[in-house]
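# Take a look and give me a structure for this.
(2 chains)
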Amino acid sequence: AQSVTQLGSHVSVSEGALVLLRCNYSSSVPPYLFWYVQYPNQGLQLLLKYTTGATLVKGINGFEAEFKKSETSFHLTKPSAHMSDAAEYFCAVRVSGGYNKLIFGAGTRLAVHP
Amino acid sequence: SAVISQKPSRDICQRGTSLTIQCQVDSQVTMMFWYRQQPGQSLTLIATANQGSEATYESGFVIDKFPISRPNLTFSTLTVSNMSPEDSSIYLCSVEWGASETQYFGPGTRLLVL
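Numbers count the residues shown, from 1 in each chain, chains lettered A, B, ... in the order given. This is a model prediction of the structure:
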């Protein structure tokens, strides 16, 4: 069965500092992986995705993630945090075949302080 | 990506009543999904709704409690029946658009049951 683990339910960084949000997955088949962001009182917005091809994926708002098969990881990074990055971030894996549902990690709340 | 809207955006309901949530997409999509996000938690798939077939429910969710309609390729409804305070959650619909192999989410419906 496929699953997603996000290490750290809360991450706090200073404005301008590196953002690193960790995601590890379990999958018996090549995974499709996603990062979504949820701002307060909003739905989920797609940040980036990995399906096939290049393992370093660039997304919106300066975020990127690298798929590392050997480590079963898909960590999200941003070189310099901005106050507007404060939000909840979810990593998800797509269960292929059948109805292609998403399995989400527990989420990481990112706080950015001045 | 598709533009997805949900109605209502939020509601406060009395226990024992039912609420129907609407999800409208601006383009035709085959697959629509309904998720629940309980307070402070991640997203859990309730069911997958494909046009022309019965919804497929995940373990722990039943049709009597969460009946779903999918009358055409741009619209779906989720009803939360005989509500209790434990049903207080955000309910989100999502669609897998075209050949994107990616789910896009609506803004969510915030439900409080008293």
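
# Against chain A, how distant is the residue with the largest distance to the centre of chain B?
Ranking residues of chain B by C-alpha distance from their mean position (Cα atoms, centre = their mean) puts residue B:99 at the top, at 21.6 Å. Relative to chain A, residue B:99 is positioned 11 Å away (criterion: Cβ to the nearest Cβ, to the nearest Å). Yep, even glycine has a C-beta here, placed from its N, CA and C like the rest.

# Distance check, that residue against residue B:32.
Applying Cβ to Cβ, to the nearest Å, the value for residue B:99 to residue B:32 is 16 Å.

# same deal with residue A:26?
27 Å.

# Between the two, which is the more surrounded one?
The neighbour comparison of residue A:26 against residue B:32 (other Cβ atoms under 10 Å in any protein chain shown) goes to residue B:32, with 27 against 13.

# What is the helix or strand hosting that one packed up against?
Residue B:32 belongs to strand B:31-37 when assigned by DSSP states H and E. Applying 3 or more Cβ pairs under 8 Å, 6 or more residues apart in numbering or on different chains; DSSP states H and E, one finds that strand B:31-37 makes contact with strand B:19-25, strand B:43-50, strand B:75-80, strand B:89-96.

# what are the C-alpha coordinates of the third one, in PDB please?
The C-alpha coordinates for strand B:75-80 follow below in PDB (Å, rounded to 0.1, in the frame of the first residue of the first chain):
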ATOM      1  CA  PHE B  75     -21.200  19.000 -11.800                       C
ATOM      2  CA  SER B  76     -21.400  16.900  -8.600                       C
ATOM      3  CA  THR B  77     -23.100  17.100  -5.200                       C
ATOM      4  CA  LEU B  78     -22.200  15.600  -1.900                       C
ATOM      5  CA  THR B  79     -24.800  15.400   0.900                       C
ATOM      6  CA  VAL B  80     -23.900  15.100   4.500                       C
END
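
# what angle do that strand and strand B:19-25 make?
160 degrees (axes from the mean of the first three to the mean of the last three Cα atoms, to 10 degrees).

# Can strand B:75-80 be said to contact chain A?
No. Strand B:75-80 stays clear of chain A (Cβ under 8 Å from any Cβ of the partner chain), getting no nearer than 14.0 Å.

# Understood, closing this out.
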